[in-house]
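Participant: From the sequence below, what's the structure:
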Amino acid sequence: MATEAISAQAAAAPDRDALATFEAELAGHWQEAVYLPTEPYVRIQPRLWRWETIHRQLLRAGERTRRHRHTSCSIYHVVRGRGCTVVNDTRLDWGPGDVFVVPNWSWHAHENAAADADAVLFSMNDIPVYQAFGLYREQADA
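Facilitator: Residues are numbered from 1 along each chain as shown. Purely as a prediction, here's the structure:
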């Protein structure tokens, strides 16, 4: 069944000019979705699979996020600011240029340690893979 769906999408794939236009439209929304095309599927993959997404997260001065977990894995890159992320019971202090990972289904919360400056994090996750199979879940701490 999945093979039939892939074949149908491949047959309906846009030509290279249309794909270039589609990619140019996405360039303005890179923080929402980044496609990872690889050969030999470069022609069909951008419309077929959304493997990973990249998000920009702003933490206002002194802000702390609510503790939560999800089935996806996330890799974070700290662009600006200082703070910490508590993953399960492990505290990870971070600053500009740091990279850290929040594994699947791990409780976590982020905190901006500065009282007078914002922090900016970029995160990459594999949510679309879980969504494609109907396996993505989120849970907030009570």
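Participant: Break this structure down into its domains, please.
Facilitator: 2-48, 53-140 (automatic domain parsing).
Participant: worst average pLDDT in those domains?
Facilitator: Of all the domains of the chain, mean pLDDT reaches its minimum on domain 2-48 (a mean of 40).
Participant: ok, so what distance separates the closest residue to Gly62 other than its chain neighbours from Phe122?
Facilitator: Leaving aside its sequence neighbours, Gly62 sits nearest to Ala115 (C-beta to C-beta, 6 or more residues apart in numbering; 5.2 Å). Where C-beta positions appear, they are placed from N, C-alpha and C, glycine not excepted. Remark: distance between Ala115 and Phe122 (C-beta to C-beta, to the nearest Å) = 23 Å.
Participant: Could you do Glu111 as well?
Facilitator: 17 Å.
Participant: The helix or strand where Val120 lies pairs with which strands, and in what direction?
Facilitator: According to DSSP states H and E, Val120 maps onto strand 119-125. Its sheet considered, strand 119-125 pairs with strand 53-59 (antiparallel), strand 74-80 (antiparallel) by DSSP bridges.
Participant: for it, which positions count as buried?
Facilitator: Counting neighbours by 16 or more other C-beta atoms under 10 Å, one finds that the buried residues in strand 119-125 are Ala119, Leu121, Ser123, Met124, Asn125.
Participant: residues in contact with that strand?
Facilitator: 31, 34, 52-59, 72-83, 110, 112 (C-beta atoms under 8 Å, 6 or more residues apart in numbering).
Participant: Just the buried residues from those residues, in ChimeraX please.
Facilitator: Remark: buried members of those, expressed as a ChimeraX selection using 16+ other C-beta under 10 Å:
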select :52,53,59,72,73,74,76,77,78,81,82,83,110,112
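Participant: Ser74 is in contact with Trp105, correct?
Facilitator: No. At 11.5 Å, Trp105 and Ser74 do not qualify as touching, with contact defined as C-beta atoms under 8 Å.
Participant: In JSON lines: the strands paired with strand 119-125, plus distance to Phe133.
Facilitator: As requested, these are arranged in JSON lines below (distance: least, C-beta to C-beta, whole Å):
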{"stretch": "strand 53-59", "distance to Phe133": "16"}
{"stretch": "strand 74-80", "distance to Phe133": "18"}
